[in-house]
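1. structure of the sequence below:
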Amino acid sequence: MTSHERFVDGSGGAGGPTAAGHGSAGPRAAGPGAAGPGAGGASRPARTGTKRWLVALDVDGTTMREDGVITDAVVAAVRDAEAAGHEVMLSTGRSESMTVPLLDTLGIRPTYLVTANGALTLRRREDGSYEHAHVEQFDPSEVLQTIHGALADAAFGVEDEHGHFLLSGNFPDDTMTVRGEHVPFEQLLGVEATRVVVISPGHDTEDFLQVVERMGLHKVSYSVGWTSWLDIAPEGVTKATAMERVREWLDIPRSRVFAAGDGRNDIDMLRWASTSGRGVVMGQAPQDVVDAGNEITGGVADDGLAAALDSLPR
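-> Now for the predicted structure:
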């Protein structure tokens, strides 16, 4: 953060202020009318006197704790923000099947959802279900072969637009592996993917970052997670590109966008929001993520997201 940036509680950091302020590979739209709100995506008007904000929330490490819990304080803050007339939505690296069920816990029904780190945008239908509004896909063969040659013990996952994973190598047990299909590495090549995941258990995070940088990956967007976890998306596709598309569809000004995140896959989204609006970084985020935002709040264990959401206009 720089001198114009602030903490959510209104305090300034060292040297900071003292008051808080309130084309890519394979794009495809889902049929006629998909480039706008449409019948099922009609936006909700804000309450009289409240100017509507577009609120984009990362899931893991922001809305949800590491143990998979979304606290009552965060749920209440999310619901209150939506009740105030703001467009509150999730923007996550998760697949569709791991994102939509969270809406029941949060008690919200956003017009749009961004999943797969921006490669898949969902739009709510009239019946409350979600359809694909925009899909970005790519052939990951070249990048997979490059990484496979550099990381002999890596495990690979390729996700398609339906959230189905093809897996090669040893992944930790989680929802992805339960739903995924284990195949030989060669079967990953040529698949139309929205997202590729690579893990390398033999590296710590900093070492893994250096290995990835040395590989010089081209024609893709990528980010490294908290551990030796690499997320790869189609070239030029990030949470920020998807959120800007949603913002245009909803016709909300750039000055009224709010994004909250904690990971390196949130950096572009935080920069996007910080340009004219609010890029809120969770307190436990690494320094390169902190640098991308213009506000910092408490950590996920301290319900930092709730504090940030409570500062939205009512």
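2. tell me the contacts of G107?
-> By Cβ atoms under 8 Å, 6 or more residues apart in numbering, the contact set of G107 is V75, V78, R79. C-betas here are computed from N, CA, C, even on glycine.
3. return the host helix or strand of D80 as CSV; C-alpha atoms alone will do.
-> Element membership for D80, per DSSP states H and E: helix 72-83. Output of helix 72-83 as CSV, limited to C-alpha atoms (Å, rounded to 0.1, in the frame of the first residue of the first chain):
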residue,chain,number,x,y,z
ASP,A,72,-21.7,-16.1,11.8
ALA,A,73,-20.1,-12.6,11.8
VAL,A,74,-19.1,-12.9,8.1
VAL,A,75,-22.5,-14.4,7.1
ALA,A,76,-24.3,-11.5,8.9
ALA,A,77,-22.1,-8.9,7.2
VAL,A,78,-22.5,-10.4,3.8
ARG,A,79,-26.3,-10.5,4.2
ASP,A,80,-26.5,-7.0,5.6
ALA,A,81,-24.5,-5.7,2.6
GLU,A,82,-26.9,-7.3,0.1
ALA,A,83,-29.9,-6.1,2.1
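4. which secondary structure elements does the next helix-or-strand element following that helix contact?
-> Downstream of helix 72-83, the next assigned helix or strand under DSSP H and E is strand 87-90. Judged by 3 or more Cβ pairs under 8 Å, 6 or more residues apart in numbering; DSSP states H and E, strand 87-90 is in contact with strand 54-57, helix 72-83, strand 112-115.
5. how far off centre is the helix holding D80?
-> In terms of Cα atoms, centre = their mean, to the nearest Å, the centre of helix 72-83 is found 19 Å from the chain centre.
6. mean confidence score for it?
-> Helix 72-83 carries an average pLDDT of 98.
7. what does stretch 224-232 give?
-> For stretch 224-232, the mean per-residue pLDDT is 76.
8. quick check: end-to-end length of that stretch?
-> 9 Å (Cα to Cα, to the nearest Å).
9. for this structure, which spans come out with low pLDDT?
-> 1-49, 173-178, 225-227 (pLDDT under 70).
10. gap between the residue nearest in space to the middle of it and V143?
-> By Cα atoms, centre = their mean, the mean C-alpha position of the chain lies nearest to T92, the distance being 2.8 Å. Distance of T92 to V143, computed by Cβ to Cβ, to the nearest Å: 22 Å.
11. the helices in the stretch 101-250 of the chain, which residues?
-> For the stretch 101-250 of the chain, the helices defined by DSSP state H, counting those that start in this stretch cover 102-106, 141-150, 175-179, 205-215, 239-250.
12. looking at these, which is buried most?
-> Greatest average neighbour count among those goes to helix 239-250 (a mean of 22), per mean count of other Cβ atoms under 10 Å.
13. for that one, packing partners?
-> Using 3+ Cβ pairs under 8 Å, 6+ apart as the contact test, the elements touching helix 239-250 are strand 54-57, strand 112-115, strand 120-124, strand 257-261, helix 267-276.
14. so which of the ones you listed comes closest to D303?
-> Of all the helices and strands packed on helix 239-250, the one in closest proximity to D303, counting by Cβ to Cβ, is strand 257-261 (12.1 Å).
15. quick one on the thing from earlier: export the helices of the stretch 101-250 of the chain to TSV and append columns for distance to V158.
-> What follows is these, written out as TSV (distance: least, Cβ to Cβ, whole Å):
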stretch	distance to V158
helix 102-106	23
helix 141-150	8
helix 175-179	11
helix 205-215	18
helix 239-250	20
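16. for G283, find the nearest of those.
-> helix 205-215 (18.4 Å).
17. what's the closest one in contact with?
-> Contact with helix 205-215 is made by T146, I147, A150, L151, S200, H203, Y222, V224, W226, T227, S228, L230, as judged by Cβ under 8 Å, 6+ apart.
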